[in-house]
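Visitor: pasted the sequence and its predicted model underneath.
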Amino acid sequence: MHVQRIQPQPTPVPPPDFASATDTAERILVVEGVGKRFGGLVALSDVSLSVGRGSITGVIGPNGSGKSTLFNIIAGTLRPDRGRVFLNGHDTTRASPAQICRNGVGRTFQISRLFGEMTVLENLVAVAHGASDAEAVERALGLLDFLEITGLRDKWGTELSYGQRKLVEIARALMLRPTVMLLDEPFAGINPRLQNRIVDHLEALRQRGLTLFFIDHEMRIVLEICDTIHVLAQGRVIAEGDAAAIRSDPKVQDAYF
Amino acid sequence: MKSLVIIVVSAALAAVIPFVGSEYALSFTVQLFVFVALAYSWNLIGGYAGYTHFGQVAFFGVGAYTGALMMDAGFHWLLAAGAAGLSGALLALPLGGAMLRVKGPFFAIGMFGMARVCESFALGFDGITQGGTGLYLTPVTDLKPLYFVLWAIAFGMVVLTWKLDNSRLGIQLLAIREDETAADALGIRTTRLKIGTFVASAIAPAAVGSLYATYLSFIDPATAFAPMTELTTIAMVLLGGMGTTFGPLVGAVVMSVVNELLWSRFPEIYLALVGAVILAVVLFMPRGIVSFAMRRAWWWVPAARSSLRRLASRPAPSRSPKEAH
């Protein structure tokens, strides 16, 4: 398949063969008919969804429903068997994770993937592509301050607690100055106080025009902050809409509650 | 600052040895320089990028043969060393492209196999290399120029590593070592960096291989591709501290001195004693001498990657905290 070259500064020009997403000004991320099997196991069968620019969009679903597979396909770490992914109107289905990242997608990982034998500052500065050392340090310090974790600056990745790692991973993804943030279970396994702090930060980021797309199990938060929620079950989107629509959907109640 | 002082002082000390030291001191230091250059090169790919391997001696050997054949054809030994360095890079480029797709033990052992393949070629193409008989070269009359070229390469590698350690490039290599998948997903150009580092790590060993052949005025496959050279180099880096600026230097000096002392005092059991020393260091300082010292933050130990910390600690009144995204 033809892979469109990724520009450092993406311009939202829709490719001619892609009629259904001509409104890329509105939809920053479009997943079209994506399917993926692992051997005999169908992880995703025909999933389509789109993410509005500047929105907070969540994907929920029971374990094994294909959330992580979908996430990894969007981030480029997995290739779908069929279907396509468009970011800013560019087909990124076959692009490498590094290309997708440089196209404006920052991501965090379900299980912490901080660089352990490096300090928090170094973790951040390592991914400030194109910036000078001084600019990179400046940006890193600004983000640590924004996330209220300045005190962690010189700590080693391995020294941090689980919750601290989640925050540093968000800071590290923000170092890329993304237009879309992919957050893989940012609220899993951390205490409610810290969860609320992260929610506040995410809201603040959205205020600045960032698009947030995340997977989580934490129903309370998902229903509270998401503009749109997609519910996955057995590799299909069984429902989508705002919190009220999801709450009252009988199929969701069946699969999830 | 501390790093610069250490580099300048040790380079100056090493520079006066040919004028004040004995013939023995000279030959000891030549060997030391060879190992310093090898250890620093191995530290680039093994210590920083995290791609440890047992095949560096392939570049040393190929360089030794390239240089020896050129000297045999009448070229000056310095030119031969330059050509040898280039041959190392040229060999590393396709080898890196092919081998760096695999990681961990596969890469480590695969590279060991590559060194054995090169050794077999040196043995097999006896029309060119004289096979197991080896190549005999005209000995150089004055060792001093050779000494200073090796001195320059050894300390050049120290300075290069020091610069790397304080750069973003160095941090990106460490990121590959720590978690390559995450580094890739965060936009670090891992393939390019890995292959580049691998090529850079092959140049000095190949050049030094040629200079070593000049020094011995002889080369044969067993000397050029000796697994002992490989293992000694790796042991030096582990002893001193992988992925640190001064680890390879400290490791090379300590190991050479201990080796020499034990060898002269207890020739029958010296290898067993060297083994015991390495075992003790691995048990008590698993990350090497330099990392051990850095963790304790002794005043005379230069901190790793201090330049970023200095930048971060700089008072910046203009810093706008909410400029984050």
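Guide: Looks like it came in fine. Numbers count the residues shown, from 1 in each chain, chains lettered A, B, ... in the order given.

Visitor: which residues in the stretch 1-150 of chain A form strands?
Guide: Secondary structure of the stretch 1-150 of chain A (DSSP state E, counting those that start in this stretch): strands located at A:27-38, A:41-52, A:56-60, A:82-87, A:90-91, A:105-107.

Visitor: now swap in the stretch 201-325 of chain B and tell me
Guide: Ranges of strands in the stretch 201-325 of chain B, per DSSP E, counting those that start in this stretch, are B:218-219.

Visitor: just for it, where's the confidence low?
Guide: By pLDDT under 70, the weakly predicted segments of the stretch 201-325 of chain B are B:315-325.

Visitor: same check on the stretch 151-257 of chain A?
Guide: The stretch 151-257 of chain A contains residues with pLDDT under 70 at A:256-257.

Visitor: in it, which residue sits closest to chain B?
Guide: Here the stretch 151-257 of chain A gets closest to chain B at one residue, A:Arg208, 5.0 Å apart by Cβ to the nearest Cβ. C-beta: built from backbone N, CA, C; applies to glycine.

Visitor: list the buried residues in stretch A:38-53.
Guide: Neighbour-count burial for stretch A:38-53 flags A:Val42, A:Ala43, A:Leu44, A:Ser45, A:Val47, A:Ser48, A:Leu49, A:Ser50, A:Val51, A:Arg53 (criterion: 16 or more other Cβ atoms under 10 Å in any protein chain shown).

Visitor: what mean pLDDT does it get?
Guide: Averaged across stretch A:38-53, pLDDT comes to 89.

Visitor: same deal with stretch B:66-78?
Guide: 92.

Visitor: tell me, how many residues neighbour the residue of the stretch 151-257 of chain A closest to chain B?
Guide: Around A:Arg208 there are 10 other residues, counting by other Cβ atoms under 10 Å in any protein chain shown.

Visitor: any idea how far it lies from B:Lys144?
Guide: 65 Å (Cβ to Cβ, to the nearest Å).

Visitor: quick revisit: nearest to chain B, of the strands of the stretch 1-150 of chain A?
Guide: Chain B lies closest to strand A:105-107 among those, at 6.0 Å (Cβ to the nearest Cβ).

Visitor: that closest one near chain B at all?
Guide: Yes. Using Cβ under 8 Å from any Cβ of the partner chain, strand A:105-107 reaches chain B at A:Gly106, A:Arg107.

Visitor: paired strands for that strand, with orientation please.
Guide: Sheet pairing here is set by DSSP bridges, and for strand A:105-107 it gives strand A:180-184 (parallel).

Visitor: next helix or strand past the strand it pairs with?
Guide: helix A:192-207 (DSSP states H and E).

Visitor: tell me what that next one is packed against?
Guide: With contacts taken as 3 or more Cβ pairs under 8 Å, 6 or more residues apart in numbering or on different chains; DSSP states H and E, helix A:192-207 sits against strand A:56-60, helix A:162-174, strand A:211-215, helix A:219-225.

Visitor: with distance to A:Gly241 added, can I get the strands of the stretch 1-150 of chain A in JSON lines?
Guide: Shown next, in JSON lines, are the strands of the stretch 1-150 of chain A (distance: least, Cβ to Cβ, whole Å):
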{"stretch": "strand A:27-38", "distance to A:Gly241": "16"}
{"stretch": "strand A:41-52", "distance to A:Gly241": "11"}
{"stretch": "strand A:56-60", "distance to A:Gly241": "11"}
{"stretch": "strand A:82-87", "distance to A:Gly241": "22"}
{"stretch": "strand A:90-91", "distance to A:Gly241": "27"}
{"stretch": "strand A:105-107", "distance to A:Gly241": "25"}
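
Visitor: show me the contacts for A:Leu183.
Guide: Contacts for A:Leu183 were tallied using Cβ atoms under 8 Å, 6 or more residues apart in numbering or on different chains; they are A:Arg107, A:Thr108, A:Ile170, A:Ala173, A:Leu202, A:Leu212, A:Phe213, A:Phe214, A:Ile215, A:Asp216.

Visitor: just flag the most distant two among the residues you listed.
Guide: Maximum pairwise distance in the contacts of A:Leu183, criterion Cβ to Cβ, is 15.6 Å, between A:Ala173 and A:Asp216.

Visitor: those two: who's more crowded?
Guide: Neighbours per residue (other Cβ under 10 Å) separate A:Ala173 from A:Asp216, with A:Ala173 holding more: 24 against 21.

Visitor: would you mind confirming that that one makes contact with A:Phe109?
Guide: No. If you go by Cβ atoms under 8 Å, A:Ala173 and A:Phe109 don't touch, sitting 9.5 Å apart.

Visitor: contacting residues around residue 201?
Guide: No chain in the question, so chain A it is. Each residue near A:His201 by Cβ under 8 Å, 6+ apart is listed here: A:Phe146, A:Leu147, A:Ile170.

Visitor: that's the wrong chain, I wanted chain B
Guide: Contacts for B:Ser201 (Cβ under 8 Å, 6+ apart) come out as B:Ser41, B:Trp42, B:Leu44, B:Ile45, B:Gln56, B:Ala92.

Visitor: just to revisit the earlier point, kindly reformat the helices and strands packed on helix A:192-207 as CSV containing distance to chain B.
Guide: Formatted as CSV, the helices and strands packed on helix A:192-207 follow (distance: least, Cβ to the nearest Cβ, whole Å):
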stretch, distance to chain B
strand A:56-60, 15
helix A:162-174, 6
strand A:211-215, 12
helix A:219-225, 17
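
Visitor: mind checking which of the ones you listed is nearest A:Ile198?
Guide: Of all those, the one in closest proximity to A:Ile198, counting by Cβ to Cβ, is helix A:162-174 (7.1 Å).
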